[in-house]
Structure formats: C-alpha cells, structure tokens
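1. Requesting a structural model of the entry that follows:
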Amino acid sequence: MRQTWRWFGPLDRVTIGDARQAGAEAIVSALHHIPPGALWPLEEIAARHHDVSHNADGTATGLAWEVVESLPVSEAIKTMSGDWRGDIERYKASLSNLAEAGIRTVCYNFMPVLDWTRTDLAAPMDHGGTSMRFDLVDFAVFDMHILCRPSADRDYPKTVAELAGRRFTDMSDAQKRRLTENVTAGLPGAAEHWTLEGLRDQLANYAAIDADRLRQMHIDFLSEIVPLAERLDIRLCCHPDDPPFPLLGLPRVMSTAEDFRMLLSAVDSPSAGLTFCSGSLGSRPDNDIPAMASEFAERIHFVHLRNVTRETEGISCSFLEDEHLAGDTDMVAVISALLAEEGRRRDAGRADHRIPMRPDHGQDILDDLQRGAQPGYPAIGRLKGLAELRGVMHALQSAQRSGSQNEATGSTAGRQEALHAAFDS
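-> Next up is the predicted model:
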C-alpha cells in the first residue's frame, strides 16, 4: 500500500518534514479553512500543493498532495434544504479544480451534523501517554443534561441514563465545559465548531429525516456527482460513520456491511467507493473487519488503519483508541485482505494498483505530549503506528513471495511454513 500521512496545512504542528522523516510517501490534506458548501478555487489548491512539495527555503520535499480528506458535504446537501443545489454545483466545480491539479482520490463523509465524536481527547494511558476515548456515559451526560435534548434518556439503557445523571451531578463546571468542547469540536482542522444553540438548530433540521431518507439523499447526491467524477477519473470514497451508531437521535447510514452493500449497489460505479476505516468500523462488535475488507475490496479507494478496544457491550459502546496492533481488530488479517486486492489490481494491469493508506490517529507519547498537535494526529504516535503497520505489510509480502516460489515448485508445505514464519497467529 502507498503510505500516506495526513497534514492539516501550514498551521499543523506536525510538519511536512516530520512526515518525510516518518517515511511517508505522499500527503493527505484538505483546505480546512474553506467552509462546507464553498468552492475550492484552483489557486488555493495550487497553494496547498506548493506547501506540500516545497520547503521554506524553496527546495523540494519529495512529497506531493495525492489524497483529499475531506471535501466536505454541506448540511444543506445532506438535508436538501437552503441553497443545496448551489452547494452541489460548487462541489462539482471543486472536483474539476482538483482533477486539473492532478488529484484523483477524494474522501468525504455523509454523517449528519457531528462528523467525528469523542468525549475525551487526551485520556491517560498506563504507559504515561494519552489517547482519545468515547465514553457512552459521558456522551449521555452531554446529551441529556448539557444539550438537554428532549427525550434523550430514551436512547440509552436505563443503567447508562442513571449513571449519567449521577456523573453530571458530580462534574465541576470545568469538566462540563471540557466535555462540551470535545463533543462539539467537529472534524479535526475544520473551520466550524458548533455552539449548543447551533447544534440544537441543526438537530431540528433532521426531525423528519430517518435512516431510509438520509440514505436516499446520499444516493441522490452521488447520482449528481458520480457522472462528473467518472469523466474526471476521480475516485470518491465515503468514510464510515464515526462512531458507527446513532448519536443525538440522528440517523447513521454508513455503519455496517449492509449499509455499504446498499450504497454500492445503488451507485454501481468505480468512482463511488469507500474509505475503509478499520477503527471506525471496529467500534461495533457486529462488524467483521477482515471480512468487510475482503467483500468490498474492489471499491476501496483509500484506507485508514487504526484499532480500538471496546470497553462495554452492545452496539452503542464505550471504546478507546488503542495501539495499531492492539485492540479488537485483527490488523494482520485486514492488511492481508488489502494486499490481496492490490495483487488483483496489479495482475489486471492497473497503474494505480497501490491503495493509499495512512496510519489513522495515534496515541500521544514522548514529545507529542508537549507539542499540542491536532487531537489524534501526533508525530511520534503516528510514526510508531506506521512503523508497526509497515512491518506487518513487509512480513506478509515476504511470505507471499516465498509462497509464490514454493507454489512454482509444488511445495504447499513450504508456503505454509513461510506464512507461519511471518506471523504465528
């Protein structure tokens, strides 16, 4: 896989030089300062390209901006309200400008209102570092007692609702304020952050929109966009819901294998695909991540590799962002499935057979603890994750090469021995 690194632009405290030292081959970025629904001008895209490819002294970095994450879909488009048709036309124009600049992979999501949600952005770990965490009880505290969403208690098990009431009573004002800031932060690097009143207004826009309606609006959006993407040779890739279960009474439509099947069958085009995020999907116990990687391999255009440990039972659960080779997902099996798809693409003669991947998130360790980077995007924690993932890829590819050689000589036992030598699992 092509090893990429997410960079949030000139204000990112993890630099392009850091990415290069970490071993990244390409950069994932976006124009975060431009709000959803607005046009991405060609000159802004060119400026970001220059920032990625040139050091401050004008010398080349050896890196290029190859993946957009994300070109955001506005709330007007998701709800088909306001100037949503104008937003779609500007989205199309932005895609055309990206294609003119040579970018062919564009990640987006279709999560309503809250694109990405954690309750703790720096949960302390036993090893002295910190990690991000979603605590279901803390989220219920926010939903029921800070946001005061009507009938919110009906969306939680009785025990969770009772715990939330007690925890809210014991919280200091500073703790309540920090929880509110964490939940309403929006996407990392995003230009917009919700106020409580603004969040309530957005929730009201979805009062008559259930999962079936939101799914159809997603399909309608792609039906407008995909014909252009096909002409531009752009691969659109939808990021799954994060977390992959309903929040604040809002519908979720990209959380399970069945969600993926419905979307990809309704919009059957190689330009409509997936960003396969093992961490987001891994927050549901009913998602078989390696099996999903295999089933949807042909439509996977971008990969996020991270791991989570689920801390409670059920579909709506508490979870911790774990180390990349820890957690509840068999990362070796996931990578093996993705490498098999790359082999299929290579055998088919595709020049773009390498799937761009990035180490998603990372725990803050060592100097990360003082750097103050974007939550989830430290320098050393991601470098550690990328090194571990690179080791898995190297071992699996080595085993595959040994297996191919043994198959050529008829030695099945030799192929099995090579695989076991790579991983005793």
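
2. residue boundaries of the strands in the stretch 51-200 of the chain?
-> Applying DSSP state E, counting those that start in this stretch to the stretch 51-200 of the chain gives strands spanning 65-69, 105-109, 120-124, 130-134.

3. Put together CSV for these, with distance to residue 140, mean pLDDT and mean neighbour count on each row.
-> For glycine as for every other residue, the C-beta is placed from the backbone atoms N, C-alpha and C. Listed next are the strands of the stretch 51-200 of the chain as CSV, based on distance: least, Cβ to Cβ, whole Å; pLDDT from 0 to 100; neighbours: other Cβ atoms under 10 Å:
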stretch, distance to residue 140, mean pLDDT, mean neighbour count
strand 65-69, 30, 98, 24
strand 105-109, 24, 98, 23
strand 120-124, 14, 96, 17
strand 130-134, 12, 98, 23
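
4. Compare the ones you listed and report which one is nearest to residue 196.
-> Proximity to residue 196 (Cβ to Cβ) singles out strand 120-124 among the strands of the stretch 51-200 of the chain, at 18.6 Å.

5. so what secondary structure elements neighbour that closest one?
-> strand 130-134 (3 or more Cβ pairs under 8 Å, 6 or more residues apart in numbering; DSSP states H and E).

6. Could you export the strand it packs on as CSV, CA atoms only?
-> Provided in CSV are the C-alpha atoms of strand 130-134 (Å, rounded to 0.1, in the frame of the first residue of the first chain):
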residue,chain,number,x,y,z
THR,A,130,-2.7,9.8,26.3
SER,A,131,-5.2,8.6,23.8
MET,A,132,-8.7,9.5,22.6
ARG,A,133,-11.8,7.8,24.1
PHE,A,134,-15.5,7.7,23.6
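
7. what's in contact with that strand?
-> Around strand 130-134, the neighbours that count as contacts under Cβ atoms under 8 Å, 6 or more residues apart in numbering are 117-125, 243, 283, 318-322, 361, 363-364, 369, 375-376.

8. Strand 120-124 and that strand, what's the angle between them?
-> Using axes from the mean of the first three to the mean of the last three Cα atoms, to 10 degrees, the direction of strand 130-134 lies 130 degrees away from that of strand 120-124.

9. for the residue nearest to residue 69 when sequence neighbours are not counted, which residues make a bridge with it?
-> Leaving aside its sequence neighbours, residue 69 sits nearest to residue 107 (Cβ to Cβ, 6 or more residues apart in numbering; 4.1 Å). Residue 107 has the following beta-bridge partners by DSSP bridges: residue 69, residue 237.

10. ok, residue 107 - contacts?
-> 28, 67-71, 237-239, 275, 302.

11. swap in residue 37?
-> Residues in contact with residue 37 (Cβ under 8 Å, 6+ apart) are 74, 76-77, 83, 86-87, 90-91.

12. Among those, name the buried ones.
-> 74, 76-77, 87, 90-91 (16 or more other Cβ atoms under 10 Å).

13. packing partners for the helix or strand hosting residue 261?
-> Using DSSP states H and E, residue 261 sits in helix 257-266. Where contact means 3+ Cβ pairs under 8 Å, 6+ apart, helix 257-266 is packed against helix 211-232, strand 272-277, helix 289-295.

14. buried ones in it?
-> For helix 257-266, the neighbour count (16+ other Cβ under 10 Å) marks 257, 259-260, 262-264 as buried.

15. From the rest of the structure, what touches it?
-> 215, 218-219, 222, 238, 252-254, 272-274, 287-288, 291-292, 295-296, 299.

16. May I see the PyMOL selection of the buried members of the residues you listed?
-> Remark: buried members of the contacts of helix 257-266, expressed as a PyMOL selection using 16+ other Cβ under 10 Å:
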select buried, resi 215+218+219+222+238+252+253+254+272+273+274+287+288+292+296+299
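
17. relative orientation of the top helix by length along the chain and strand 130-134 in degrees?
-> If you go by DSSP state H, the chain has its longest helix at helix 379-408. With the same axes, to 10 degrees defining the directions, helix 379-408 sits at 80 degrees from strand 130-134.

18. Could you give the average pLDDT over helix 379-408?
-> Per-residue pLDDT over helix 379-408 has a mean of 89.

19. Contacts only, for residue 210.
-> residue 251.

20. From residue 232, how far out is it?
-> 33 Å (Cβ to Cβ, to the nearest Å).

21. swap in residue 353?
-> For residue 353 relative to residue 232 (Cβ to Cβ), the value is 20 Å.

22. ok so, going back, out of the buried residues of helix 257-266, which comes closest to residue 147?
-> For those, the nearest to residue 147 is residue 259 (26.0 Å; Cβ to Cβ).

23. For the stretch 301-425 of the chain, which segments count as strands?
-> 307-310, 319-322, 356-359.

24. now the residue nearest to residue 69: how far from residue 309?
-> 25 Å.

25. Check the contacts of residue 37 and tell me the two furthest apart.
-> 83 and 91 (12.0 Å).

26. related to what we said a few turns ago, what about residue 353 and residue 232, which has more around it?
-> Each of residue 353 and residue 232 has its neighbours counted (other Cβ atoms under 10 Å); residue 232 has more, 18 against 15.

27. just checking, that one touches residue 97?
-> No - in this structure, residue 232 is not within contact of residue 97 by Cβ atoms under 8 Å, at 10.1 Å.

28. Excluding chain neighbours, give the residue nearest to residue 280 in space.
-> residue 242 (4.0 Å).

29. The one you found contacts residue 111, doesn't it?
-> Yes - under the criterion of Cβ under 8 Å, residue 242 makes contact with residue 111 at 7.2 Å.

30. neighbour count winner among these two?
-> Set residue 242 next to residue 111 and count neighbours by other Cβ under 10 Å: residue 111 wins out with 27 against 23.
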